[in-house]
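>>> Please work out how this folds:
(chains A and B)
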Protein chains: 2
Amino acid sequence: MNLESLNTPAALIDVVRMHRNIERMQRRMNALGVKFRPHVKTTKCEQVVKAQMDAGAQGITVSTLKEAEQFLARGIRDIVYAVGMAPTKLPQALALRRQGCDLKIVADSVVCAEAIVAFGREHNERFDVWIEIDVDGHRSGIAPEDDTLLAVAATLSNGGMHLGGVLAHAGSSYDYDTHEDLVRIAEQERAGCVRAAERIRAAGLQCDVVSIGSTPTALAAEHLEGVTEVRAGVYVMFDLVMHNVGVNDTSEIALSVLTTVIGHQREKGWAIVDAGWMAMSRDRGTHRQKRDFGYGLVCLENGEVRGDYLMSGANQEHGIVSRSGTPDHEIEQRFPIGTRLRILPNHACATGAQHPAYHAVGPDGRVETWPRFYGW
Amino acid sequence: MNLESLNTPAALIDVVRMHRNIERMQRRMNALGVKFRPHVKTTKCEQVVKAQMDAGAQGITVSTLKEAEQFLARGIRDIVYAVGMAPTKLPQALALRRQGCDLKIVADSVVCAEAIVAFGREHNERFDVWIEIDVDGHRSGIAPEDDTLLAVAATLSNGGMHLGGVLAHAGSSYDYDTHEDLVRIAEQERAGCVRAAERIRAAGLQCDVVSIGSTPTALAAEHLEGVTEVRAGVYVMFDLVMHNVGVNDTSEIALSVLTTVIGHQREKGWAIVDAGWMAMSRDRGTHRQKRDFGYGLVCLENGEVRGDYLMSGANQEHGIVSRSGTPDHEIEQRFPIGTRLRILPNHACATGAQHPAYHAVGPDGRVETWPRFYGW
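Numbers count the residues shown, from 1 in each chain, chains lettered A, B, ... in the order given. I've put the predicted structure just below:
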């Protein structure tokens, strides 16, 4: 199979770029002296995760228990489910552990910790629980100085669970676009999570793991003293949001959507393509950033960026490609019907999720089908 | 199976509401004296489409050839593929017709018409081709007064294809929110498409079908003189975008996402739930409308709307539920951990697409699993 034989729209992975992205992150983590635990929610794809593990990753992070089930079935046992545990999901977590999964679950409240303790005792299971730390007010977690931290730690520990460590994610790093800001937020993530671990230890409890991470902070951190592992997801593909944040060039984006020109509106300077939001996702993450890329940045079929052309609009299965600024009234000649283009996505996690499979394009131009799963 | 036994997040269909929505549209189409051809891109679900057909629909509209393949396999032969034909997809269209599918394809340029003629002649296939008409500058199609219309018609007809009719979609109807505006855009859609058919007929060519439609215009049109059939999709579920347009009440929205509260940030008045954008989609279609519903409107598990609570933010598997206006510092007591909520979506087509199956909740509370497919 090669690019020409693919139906459109299709999600393409540039395999060379993907390996470069994986190596870049792993080298950095090795240099900083921490374990690296990729977040597989970005791709949910066996072949991609295998490449990450082969490069030196130790364990994985998941956003759903389905991801844990799927990757356990593929032989990965060391798994962190990095979303606060819903009490109703404890039977599913128990089943995973009974199947040999070294599953770590997450709590950020006494109520949740108590539910874990009660269920664990009832089923004679010593769950490995990490406490989620809020280092930037972004989402969930307990602030490092909040006394709830020690109450949760004590609840788990006294309840006979294994208090494995603390975990933080500086999701607000996506809001910055200078190296200085990223260095600062990375240090805030590190210091906050380490501080939480120290407070737990000072209370006489064990807290071995200090797990932090996001793609921007992982790539910006100057040192990771006190941290034991880093998690990141989107770095494996990169995307236009990350480009605006400043951590990758467009030439490093490994994911694109192959599409075919199906029509034009000459007066408006539009080419209509057969990839709409169903193929790109509705993610408009660059909307509030320094450059708004619409639904994506246009490249020729060979991957060459046509930086002045964007997917400026999208319906379910129609995309509108147009030039930034002045309309291109010669767009019919520039991109005739049948022309194939590649669109770089705003957000690789969201775009990938729209596709049942990736089409992995190797350096020799051969294409392999790499399935991905979805759902819960 | 019942609601309590479902894992979260889960896409729920209120079956009673769905049937009411189907009947409302079909009654209207019967009263207006036109055939109704539902757009199955909204649900891609056998059980939903069967309900539409049982209520009187004649044929279906699809947005991908995969939808045509899937529904042909379920016994539906009369299918319009309402996206401009990419020449590279002609072999797939031919295969469908050779399997007994009465597939109609769409063209809006001489280049596309010529490609269809060349391929049809080569394979001895008389494709049934409809010409797409642009009635509102929304997307693709040929303006009714544009001479390209007659050139495309002549190309198809002289080339031995079956010129079946004309087709228009007033997508701009989504931009309005008063009945008067919807009546006006519905009449514009009708008149433009009928005018195009008349011009083709005046040129001595056959043009039997005049196909128009969108959910808002179908529900607003005062008469449909000259129209033979109407297409609409999202009406089967309705959603918050359509609510803002003014065609449905929130109590008519048949699709919701069931989710569980997993944590809180008391100071901010946030409840964190286990449905994020992966379950809701990234669609923010209400953002530019008269009321911005964030990622969705919160209901209790029983479906009762809590109109002052929205999903105000979303990450991949985390949603933030908060009160509009002043923060609710008692949200921990109001929605404790483990509470189940239902979120009404901005856009039913986009939210449904995130889920491998719907969970159809019947009037007796019993739940059936209705699979849906995705991809191309």
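>>> so A:D274 sits right up against A:L258, yeah?
No. Applying CB atoms under 8 Å as the test, A:D274 and A:L258 come out as separate, 9.8 Å apart. For every residue, glycine as well, the C-beta is placed using N, CA and C.
>>> where do the contact lists of these two overlap?
Shared contacts of A:D274 and A:L258 (CB atoms under 8 Å, 6 or more residues apart in numbering or on different chains): A:T8, A:P9.
>>> out of those two, which sits in the more crowded spot?
Between A:D274 and A:L258, counted using other CB atoms under 10 Å in any protein chain shown, the more crowded position is A:D274 (27 against 24).
>>> show me what contacts that one?
A:T8, A:P9, A:T259, A:T260, A:I262, A:E317, A:H318, A:G319, B:V83, B:G84, B:A86.
>>> count of residues packed around the closest residue to A:V194 other than its chain neighbours?
In space, and not counting its chain neighbours, A:V194 is closest to A:G226: 3.6 Å by CB to CB, 6 or more residues apart in numbering or on different chains. Around A:G226 there are 14 other residues, counting by other CB under 10 Å.
>>> any idea of the pLDDT on A:G226?
Predicted confidence (pLDDT) for A:G226: 98.
>>> how much space is there between it and B:L156?
Distance, A:G226 to B:L156, by CB to CB, to the nearest Å: 71 Å.
>>> Relative to B:I22, which of the contacts of A:D274 is nearest.
Sorting the contacts of A:D274 by how near they are to B:I22, with CB to CB, puts A:E317 at the top with 23.1 Å.
>>> which residues in chain A form helices?
A:15-32, A:46-54, A:65-73, A:90-98, A:110-122, A:148-158, A:179-202, A:215-220, A:240-245, A:277-280, A:331-334, A:348-352 (DSSP state H).
>>> Kindly reformat the ones you listed as JSON lines and extend each row with mean pLDDT, mean neighbour count and distance to A:V361.
Listed next are the helices of chain A as JSON lines, based on pLDDT from 0 to 100; neighbours: other CB atoms under 10 Å in any protein chain shown; distance: least, CB to CB, whole Å:
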{"stretch": "helix A:15-32", "mean pLDDT": "98", "mean neighbour count": "18", "distance to A:V361": "6"}
{"stretch": "helix A:46-54", "mean pLDDT": "98", "mean neighbour count": "19", "distance to A:V361": "13"}
{"stretch": "helix A:65-73", "mean pLDDT": "98", "mean neighbour count": "20", "distance to A:V361": "24"}
{"stretch": "helix A:90-98", "mean pLDDT": "98", "mean neighbour count": "17", "distance to A:V361": "34"}
{"stretch": "helix A:110-122", "mean pLDDT": "98", "mean neighbour count": "19", "distance to A:V361": "44"}
{"stretch": "helix A:148-158", "mean pLDDT": "98", "mean neighbour count": "20", "distance to A:V361": "47"}
{"stretch": "helix A:179-202", "mean pLDDT": "98", "mean neighbour count": "20", "distance to A:V361": "31"}
{"stretch": "helix A:215-220", "mean pLDDT": "98", "mean neighbour count": "27", "distance to A:V361": "23"}
{"stretch": "helix A:240-245", "mean pLDDT": "98", "mean neighbour count": "24", "distance to A:V361": "19"}
{"stretch": "helix A:277-280", "mean pLDDT": "98", "mean neighbour count": "27", "distance to A:V361": "17"}
{"stretch": "helix A:331-334", "mean pLDDT": "97", "mean neighbour count": "17", "distance to A:V361": "24"}
{"stretch": "helix A:348-352", "mean pLDDT": "98", "mean neighbour count": "27", "distance to A:V361": "15"}
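>>> Any chance of JSON lines for those, columns distance to B:P327?
Shown next, in JSON lines, are those (distance: least, CB to CB, whole Å):
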{"stretch": "helix A:15-32", "distance to B:P327": "38"}
{"stretch": "helix A:46-54", "distance to B:P327": "40"}
{"stretch": "helix A:65-73", "distance to B:P327": "31"}
{"stretch": "helix A:90-98", "distance to B:P327": "30"}
{"stretch": "helix A:110-122", "distance to B:P327": "20"}
{"stretch": "helix A:148-158", "distance to B:P327": "18"}
{"stretch": "helix A:179-202", "distance to B:P327": "23"}
{"stretch": "helix A:215-220", "distance to B:P327": "28"}
{"stretch": "helix A:240-245", "distance to B:P327": "28"}
{"stretch": "helix A:277-280", "distance to B:P327": "32"}
{"stretch": "helix A:331-334", "distance to B:P327": "48"}
{"stretch": "helix A:348-352", "distance to B:P327": "28"}
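>>> For A:F293, find the nearest of the ones you listed.
helix A:240-245 (4.7 Å).
>>> That closest one near chain B anywhere?
No. Helix A:240-245 is not in contact with chain B by CB under 8 Å from any CB of the partner chain; minimum separation 11.9 Å.
>>> For that helix, which helices and strands make contact with it?
helix A:215-220 (3 or more CB pairs under 8 Å, 6 or more residues apart in numbering or on different chains; DSSP states H and E).
>>> Using CSV, list the CA coordinates for the helix it packs on.
Provided in CSV are the C-alpha atoms of helix A:215-220 (Å, rounded to 0.1, in the frame of the first residue of the first chain):
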residue,chain,number,x,y,z
THR,A,215,4.3,18.1,26.9
PRO,A,216,5.3,21.8,27.3
THR,A,217,6.6,21.5,30.8
ALA,A,218,8.4,18.2,30.1
LEU,A,219,10.3,19.9,27.2
ALA,A,220,10.9,23.2,29.2
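>>> rewinding a little: tell me which of the helices of chain A lies nearest to B:I142.
helix A:331-334 (13.6 Å).
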